[in-house]
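Visitor: Provided below are the primary sequence and the corresponding predicted coordinates.
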Amino acid sequence: MRSSSCFVAAALFACVLASSAQSAPKPAPTVAATPPMGWNSWNFFAEKVTEQDIKNAADQMVATGMRDAGYVYINIDDTWEGERDAQGVLHPNAKFPDMKGLADYVHARGLKLGIYSGPGAKTCGGYTASLGHEEQDAKMYAAWGVDYLKYDLCSFREDVMYPKALHDKPEQARLMIAAYDKMGKALESSGRPIVYSLCQYGWDSVWEWGASVGGNLWRTTGDVEANWPSIYNIISEQAGLAKYSGPGHWNDPDMLEVGNGRLTLEENHAHFSMWAMLAAPLLAGNDLPKMKPEIKAILTNKDVIALDQDSLGQQARRVYTDGEVEVWTRPLAGGAEALAVLNAGPERVATHPFHLPLAALDLHAGPAKDLWTGKTIVLQENMPVELKRHDILLLRIPAAQ
Ligand code: GAL
C-alpha cells in the first residue's frame, strides 16, 4: 500500500522509487548484510591524509586486533584526487602515488579499501569529483580493487541543482536522486561488489529512497563532531528512523569520534553503545597508532560489536524518557533484546536515581548481561539505576524462557 506521503507532489519521484523497492522481492544482500565496520581517514586526518597514513591504519587494524574484532574497511576520505587527463581518466594526486598498489597492500592484510567522490564537479574539499564521469570512475575503482565508495553531494548543488532548478525544490530533489541513482547503476555494472555509501546529510528524507538507488547506507545527519552536543543531537535525530534500516541498507548517523576530541570516558562509552544500538556502520575515525588502551577496549568490545552486528538488523527505538534519561530498546535475533539507559544530563545518584519501568516497557524481570562490565544484573520492576553524566547502561536481555 502506498503511504500518504506518496500523494505529496514534492515527494512523488522518491515515492515511486521507494514503492517499487518495497514491492520487489528482497534478495539477500551481497554487501553490507550487517552494518559495515572499518576506519575512515576524515575525522582525524581530514585533508592531510596520505598513502602512508592509510598503510599505517591498515597495519594498526591488524596489530590492535580491530580487524579480528570485525573492522574491515580502510576508507580514504576526501583529498586523494588529482586531475583528469585528456581521456577523462582521474589520476590521484601526489599524496597517493599508486592506488592499485595501496589496494593490494590493504587486501594483503585481510582488509578492504574504501574511496570517496561525489556527484558534483568538486568534492567538499574542492578536489575533482565524478560529474559526467560516473561510469568511467566506477570502472576505475573496480580496476584498482576498491570495495566501498562514499559519495558526497558537495558541489552538485552549485553545479547542477541550483543552476537547473533554483526555485524548484522538488526538481532539485529529483536531480539529486537521479545523480545518486546514476552512480548506483555505474557501481552495479562495474563488475565488482562495492558498498555504496550515500552522503548528502539526510536531505529529502534519504532513508525513504536511499535503498532504491542502490545505497547500502546513507548519512541521516550533518557532520559529526568530537563533542557531546554533536553526538547527542545525532542520537536524538535517529528516533523514528528504525523502520528504514535493515540488512543491506542502513541508516548512517556518521562515523565514530570515539577517542577523538575531549570526549570523556562515559561519553565515549555512550557514543559507541548508541551507535551499536542503532545498527549503525562502525567506522572508527581516530589515530590508530596512538590509540589509548581504554579507547581500544571500547572499540574492540566483542559484546557491543555483536549487538551492532546482530543478524536481525533492527535499529533501536526510543521507548521512554524521564527528564534527560532515555531508554532505547532493540530486538535481537533469537528473541533476545538490547536495552540502553542513556543519561544525557547531569549525574543521577543514590538520592534520586532513575527508576526503570520494566513492565510498562514490555521487558521481563530476570538476569541480563551488562555489556561494559560483563557482569549479570538482575532486572526488577522499577529498579533504581545510577548513572554518571552522559553515561549509559547497556544490557543484553536473553529471550524469555
Ligand atoms: C563532508 C562530509 C564529511 C567529509 C568531508 C570531506 O561533506 O560530510 O564526512 O567527507 O565532506 O570534505
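Guide: Received, thanks. Numbering: from 1, shown residues only.

Visitor: How is the residue in the stretch 201-350 of the chain that the ligand sits nearest to assigned, secondary-structure-wise?
Guide: When scored by Cβ to the nearest ligand atom, the stretch 201-350 of the chain has residue 223 as its residue closest to the ligand, at 4.6 Å. Any C-beta I mention is one placed from the backbone N, CA and C, and that applies to glycine too. Of the three states, residue 223 takes coil under DSSP: H, G, I helix; E, B strand; the rest coil.

Visitor: Around the ligand, which positions in this protein sit nearby?
Guide: Residues of the chain lying close to the ligand by Cβ under 6 Å from any ligand atom are 42, 77-78, 123-125, 152, 154, 199, 223.

Visitor: from those, which single one is nearest residue 30?
Guide: Distance to residue 30, by Cβ to Cβ, is smallest for residue 199 among those, at 21.3 Å.

Visitor: The residue lying closest to that closest one once chain neighbours are set aside: what's it in contact with?
Guide: Spatial nearest neighbour of residue 199, chain neighbours left out: residue 152 (4.2 Å); criterion: Cβ to Cβ, 6 or more residues apart in numbering. Residues in contact with residue 152, defined by Cβ atoms under 8 Å, 6 or more residues apart in numbering, are 78, 116-118, 123-124, 129, 199-200.

Visitor: From the residues you listed, which land in strands?
Guide: The members of the contacts of residue 152 that map onto strands under DSSP state E are 116-117, 199.

Visitor: CSV for those, including distance to residue 285 and pLDDT?
Guide: Formatted as CSV, these follow (distance: Cβ to Cβ, whole Å; pLDDT from 0 to 100):
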residue, distance to residue 285, pLDDT
116, 13, 98
117, 19, 99
199, 14, 98
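
Visitor: Just give the closest residue to residue 134, not the sequence neighbours.
Guide: Once flanking residues are discounted, residue 134 sits nearest to residue 186: 4.5 Å by Cβ to Cβ, 6+ apart.

Visitor: about what we covered before: with neighbour count added, can I get the contacts of residue 152 in JSON lines?
Guide: As requested, the contacts of residue 152 are exported to JSON lines (neighbours: other Cβ atoms under 10 Å):
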{"residue": "78", "neighbour count": "22"}
{"residue": "116", "neighbour count": "26"}
{"residue": "117", "neighbour count": "26"}
{"residue": "118", "neighbour count": "29"}
{"residue": "123", "neighbour count": "22"}
{"residue": "124", "neighbour count": "20"}
{"residue": "129", "neighbour count": "29"}
{"residue": "199", "neighbour count": "22"}
{"residue": "200", "neighbour count": "22"}
